[in-house]
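Chemist: No sequence on hand, only this structure:
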C-alpha cells in the first residue's frame, strides 16, 4: 500500500486539477458553485487515493494495465481544457483563445451536418435560445467530439504498438477487472466478448442517444440551462467523453478475451504435446 501511495497522490492531484480547471480559467463562478466544486474535488481525490493505493481496486478497471486509464484521463483533461480556453476568450480575448475559438468554430461547422451528433446536440436547445449560445454549443460540441475520436484512434494505435494488455509482463485479469464476476456463470471468454461488443455498440450510439434523451427531458421536465458556461462545459464534455470511454472499454475487453483465448490454446497445445511425449 505505501509503495503505491505516492503514485495515488499524484493521480489525486491531477483529478483535482481537472475538476477545478474551468473555475480556475474562467472568471464567472458563483461562491456557492465554487464550494460545490471544492467538495467534489475533495471526494474525487479521496476516491482516487483509496483506489490506487490499495492492493486491489473496487471500481477502477485496468488500474495496472496502462495506458487505458491514462488515455481516457488525457482525453477528458484535454476536452475540459480546450472548452475552458474557448469560453475564456469570450471574457478576456487573447491570441490563444482566438486560436481555440477559430479551431472549434471550423470543426463544429464541418461536423454540423444533418443527423450528425453535433447537429443533434444543437437541436436539443429550445427554439428561443440565444443564437450566441447555440453557436458556442456547436463550437464546443465539434471540438470535444473531435478530441474523443482522436483519443479512440490513439488508444487503438497504442494497443497495437505495445501489444496491450500484457506489455511483456503478467496481466492479472481479476485485479484489472474488479467489477467482472467470473463466477456469474458461462464461459469467461464468451462473456468478455459479449460485454466488449455491447460496449462498442453503446459507444457508437450514445452520441446520438444522449441528445435525444436531453430533448425528452426538456419536453417533459425541466430543460438543462446551457446558457451557464460551467454547465455547458461539463454537459458537452460528458456527451463526448462517455461514449468514447465506453467504446475504449469495449475494445479493451475484447483484447482481454482474445488474450485469454490465446493462452488457452497454448495451454491445450502444450498439454497435448506432453501427453504425446508420455505415450
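Modeler: Yes, it's here. Predicted, not measured: the structure shown is a model, and the values here were computed from it.
Chemist: Tell me who's in contact with residue 159.
Modeler: Counting by CB atoms under 8 Å, 6 or more residues apart in numbering, residue 159 touches 251, 255. Yep, even glycine has a C-beta here, placed from its N, CA and C like the rest.
Chemist: To which secondary structure element is it assigned?
Modeler: helix 131-162 (DSSP states H and E).
Chemist: What's the first helix or strand after that helix?
Modeler: Heading C-terminal from helix 131-162 (DSSP H and E), you reach helix 173-176.
Chemist: Now do that next one: which elements does it pack against?
Modeler: The helices and strands touching helix 173-176, judged by 3 or more CB pairs under 8 Å, 6 or more residues apart in numbering; DSSP states H and E, are helix 229-278.
Chemist: Next, the angle from the helix it packs on to helix 131-162.
Modeler: Helix 229-278 runs at 20 degrees relative to helix 131-162, counting by axes from the mean of the first three to the mean of the last three CA atoms, to 10 degrees.
Chemist: where does the stretch 151-279 of the chain dip in pLDDT?
Modeler: 166-170, 221-223, 277-279 (pLDDT under 70).
Chemist: Next, name the residue at the spatial heart of the chain.
Modeler: residue 245 (3.6 Å; CA atoms, centre = their mean).
Chemist: So what's the residue count around the spatially closest residue to that one that is not a sequence neighbour?
Modeler: Closest residue in space to residue 245, ignoring its immediate chain neighbours: residue 72 at 5.3 Å, by CB to CB, 6 or more residues apart in numbering. When neighbours are defined as other CB atoms under 10 Å, residue 72 has 18 of them.
Chemist: Kindly report the same for the one 3 residues further on.
Modeler: The criterion is other CB under 10 Å. On that basis, residue 75 has 25 neighbouring residues.
Chemist: Flag the shaky bits of the stretch 1-150 of the chain, pLDDT-wise.
Modeler: 1-2, 28-32.
Chemist: Distance check, the residue nearest to residue 245 against residue 243.
Modeler: With the distance defined as CB to CB, to the nearest Å, residue 72 ends up 12 Å from residue 243.
Chemist: coming back round to it: what about the residue nearest to residue 245, helix or strand, and which?
Modeler: Per DSSP H and E: helix 68-91 holds residue 72.
Chemist: Identify the residues contacting the very next helix or strand once past that helix?
Modeler: Of the helices and strands lying after helix 68-91 in sequence (DSSP H and E), the nearest is helix 95-111. Helix 95-111 is contacted from outside by 82, 85-86, 88-89, 117-118, 135, 138-143, 145-146, using CB under 8 Å, 6+ apart.
Chemist: buried ones in the helix holding residue 159?
Modeler: 133, 136-149, 151-152, 155-156, 159 (16 or more other CB atoms under 10 Å).
Chemist: just the angle between it and helix 68-91, please?
Modeler: Going by the same axes, to 10 degrees, helix 131-162 makes 150 degrees with helix 68-91.
Chemist: quick one, helix 131-162 and helix 95-111 angle?
Modeler: 90 degrees.
Chemist: just checking, residue 15 touches residue 46?
Modeler: No. Assessed by CB atoms under 8 Å, residue 15 is found out of contact with residue 46, at 10.0 Å.
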